[in-house]
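Chemist: Have a look; sequence and predicted model below, questions after that.
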Amino acid sequence: MVNSEKLYDLCICGAGYSGLVLAVKAARAGLLVCMVDLNQMVGRRILSTGNGRCNFTNSSMNQSFYYSNHNLDFITDNHQEIIDFFKELGVFYRDFDGYYYPITNQAKTIKEALENEVKDLSVELYLNDRVVDINCKDSFEIITHRNTLHSKNVVVATGGLAAATLGSSKFGYKIASKMGMKVTKLAPSLVGILSNERFLKDLGGVRAYGKVNYKNHSCEGEIQFNKDGVSGYPVMCISRFIGYDELDSNLGDLVIDFIPYLLDEELALELESRFKRSPQKTVSDALLGLCNEKVISVVLSNALIYSDTLVSKLDNKDIENLVQAFKYFNISINKTKGFDNAQVTAGGIDLNEIDLTSMESKKIKGLYFIGEVLDVDGICGGYNLTWAYTSADIAAKHIIKVNK
Ligand SMILES: Cc1cc2nc3c(=O)[nH]c(=O)nc-3n(C[C@H](O)[C@H](O)[C@H](O)COP(=O)(O)OP(=O)(O)OC[C@H]3O[C@@H](n4cnc5c(N)ncnc54)[C@H](O)[C@@H]3O)c2cc1C
């Protein structure tokens, strides 16, 4: 147990992605930095990012990829700066259509680069140690379940509620509330959706391109069907809205357009011409190539057409039903897969409580909040790690300026 009178310049609660980025920057500037994390290792969550590959930034970068209750016009394109930051740590990148990963394609490269740097910079690590309280006196007193630390500045980088098994906690929200700061409603985001639809048993394992609509939100990409629900990029990207509606018991349905590249009338013409071209074919054969085979089979069943019907037997009403079934494929939502399976938390500490030029609390000087704990969440594609970096960078610049 440590209860020393040692006074750190900066104590970072949470040695996750944002905390590590900040520690590197502050320690490089000569500040005496310590970090506390409840996990046995730093950057535990980084290992799970991007399916173990860590999609750490994106070349398309601006505020439109993020959600918050606050205006986010301070978010600008800094992806080149992030690439340069990791290059300096020895990490080269791969660019997949603007999605950036380490060249090794391994998230552990990012985690280890940050970890090695904080160790080289002599950042003091208190691991397997949970911060339970922060008191503001002349300096800050950081109470952990094993130690009491003292620091001139404290940064709360404890993340959100998503994926608890990787080490998330309510601590950031708890401490903000204790300091009289408002926390907005929290909902799971970038999370799969559960549904009881019977046809999912036939679609389990299918990946199909489509546009997913939910109320007035929509997103296009590869949809992943499971026996108990749906996920994949477009579902994940709109899941935050479903998460919020779940809180308010106001769930709508998902409506999938499997042929988003054709308008309704264009699809009707396409079907008509396919059917005219090969009147001797069965309808399931005639539809081949439009989208995934298993999807076609469920679509036919929804349109009340037997798959072995000869297309010469179909009429305009059947074509109308098929267009409807392909483009307005309804999936009733049971619920989201919850915080435990979410990648991020939507909502968080209200940005009105934060000076966005420094990430410092407007109420308590020297107390800062960065990363997922704040009310900012991004879509899939490296945006959440970019936010974690951006907020850490803003805090670092200010803390270094006022403490040197
Ligand atoms: C499966 C998965 C895949 C993802 N993939 C991507 C991706 O490819 N690209 C992307 O941009 N984003 C991705 N994300 C989101 C990304 O991981 C987070 O946005 C990011 O890690 C948030 O950074 P943070 O520093 O705010 O929080 P975290 O990285 O979660 O760090 C918070 C740290 O605080 C510690 N902590 C919490 N409470 C306490 C406490 N009381 N005391 C001490 N320590 C505490 C935790 O142990 C943790 O180490 C993914 C998330 C998950 C779960």
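Modeler: Everything's here; your move. Residues are numbered from 1 along each chain as shown.
Chemist: only C-alpha atoms for contact and neighbour calcs from this point on.
Modeler: Fine.
Chemist: my read: Phe329 touches Ile259, true?
Modeler: No. With contact defined as CA atoms under 8 Å, Phe329 does not reach Ile259; the gap is 10.5 Å.
Chemist: Grab the longest helix from the protein for me.
Modeler: helix 383-403 (DSSP state H).
Chemist: got the residues of the stretch 201-350 of the chain near the ligand?
Modeler: Gln343, Val344 (CA under 6 Å from any ligand atom).
Chemist: can you give me the helices in the stretch 201-350 of the chain?
Modeler: Ranges of helices in the stretch 201-350 of the chain, per DSSP state H, counting those that start in this stretch, are 233-247, 264-277, 283-286, 293-302, 316-327.
Chemist: right, so the ones you listed: which one is the most enclosed?
Modeler: Neighbour counts (mean count of other CA atoms under 10 Å) averaged over each of the helices of the stretch 201-350 of the chain peak at helix 233-247, with a mean of 22.
Chemist: If you count contacts, what does that helix end up packed against?
Modeler: strand 187-189, strand 207-214, strand 217-226, strand 335-336 (3 or more CA pairs under 8 Å, 6 or more residues apart in numbering; DSSP states H and E).
Chemist: partner strands of the longest one, parallel or antiparallel?
Modeler: Strands flanking strand 217-226 in the sheet, each with its direction: strand 207-214 (antiparallel), strand 229-231 (antiparallel) (DSSP bridges).
Chemist: I'd like the ones you listed laid out as CSV, including mean pLDDT.
Modeler: Converted to CSV, the strands paired with strand 217-226 look like this (pLDDT from 0 to 100):
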stretch, mean pLDDT
strand 207-214, 98
strand 229-231, 98
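Chemist: Name the stretch among the ones you listed that sits most buried.
Modeler: strand 229-231 comes out most buried of these by mean count of other CA under 10 Å, with a mean of 24.
Chemist: Measure how far it is from the centre of its chain, please.
Modeler: 16 Å (CA atoms, centre = their mean, to the nearest Å).
Chemist: ok, and what's touching it?
Modeler: Residues outside strand 229-231 that contact it (CA atoms under 8 Å, 6 or more residues apart in numbering): Val191, Gly192, Ile193, Leu194, Ser195, Asn196, Leu200, Ile223, Gln224, Phe225.
Chemist: In ChimeraX, how would I select the buried members of the residues you listed?
Modeler: Applying 16 or more other CA atoms under 10 Å to the contacts of strand 229-231 leaves a buried subset, and the ChimeraX line that selects it is:
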select :191,192,193,194,195,200,223,224,225
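Chemist: Tabulate the contacts of strand 229-231 in a markdown table, adding columns for pLDDT.
Modeler: Below are the contacts of strand 229-231 laid out as a markdown table (pLDDT from 0 to 100):
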| residue | pLDDT |
| --- | --- |
| Val191 | 98 |
| Gly192 | 98 |
| Ile193 | 98 |
| Leu194 | 98 |
| Ser195 | 98 |
| Asn196 | 96 |
| Leu200 | 97 |
| Ile223 | 98 |
| Gln224 | 98 |
| Phe225 | 98 |
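Chemist: wait, which of the helices and strands packed on helix 233-247 is closest to Asp318?
Modeler: The minimum distance between Asp318 and the helices and strands packed on helix 233-247 falls on strand 207-214, with 21.8 Å, by CA to CA.
Chemist: Next, the angle helix 316-327 makes with that closest one.
Modeler: Interaxial angle, strand 207-214 versus helix 316-327 (axes from the mean of the first three to the mean of the last three CA atoms, to 10 degrees): 90 degrees.
Chemist: got a list of contacts for strand 207-214?
Modeler: Contacts with strand 207-214, where a contact means CA under 8 Å, 6+ apart, come from 218-225, 234-235, 238, 242, 252-260, 291-292, 295.
Chemist: Extract the C-alpha set from that strand and format it as PDB.
Modeler: Extracted in PDB, the C-alpha atoms of strand 207-214 (Å, rounded to 0.1, in the frame of the first residue of the first chain):
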ATOM      1  CA  ARG A 207     -23.700 -12.000 -44.800                       C
ATOM      2  CA  ALA A 208     -25.700  -9.900 -47.300                       C
ATOM      3  CA  TYR A 209     -25.300  -6.400 -48.600                       C
ATOM      4  CA  GLY A 210     -28.100  -4.000 -47.900                       C
ATOM      5  CA  LYS A 211     -29.400  -0.800 -46.500                       C
ATOM      6  CA  VAL A 212     -30.700  -1.000 -42.900                       C
ATOM      7  CA  ASN A 213     -33.400   1.500 -42.000                       C
ATOM      8  CA  TYR A 214     -34.600   2.200 -38.400                       C
END
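Chemist: Quick check: buried residues in the longest helix of the chain?
Modeler: Result for helix 383-403 [16+ other CA under 10 Å]: buried residues 383-397, 399-400.
Chemist: Just checking the distance from it to the centre of its chain.
Modeler: Distance of helix 383-403 from the chain centroid (CA atoms, centre = their mean) equals 19 Å.
Chemist: Same check on stretch 86-98?
Modeler: 20 Å.
Chemist: Other residues contacting it?
Modeler: Residues contacting stretch 86-98 (CA under 8 Å, 6+ apart): 58-60, 83, 100-105, 109-110, 113-114, 117.
Chemist: Repeat that for stretch 380-391.
Modeler: In contact with stretch 380-391 (CA under 8 Å, 6+ apart) are residues 17-18, 21, 54-58, 61, 65-66, 75, 78-79, 82, 99-100, 190, 233, 236-237, 344, 359, 370-372, 376-378.
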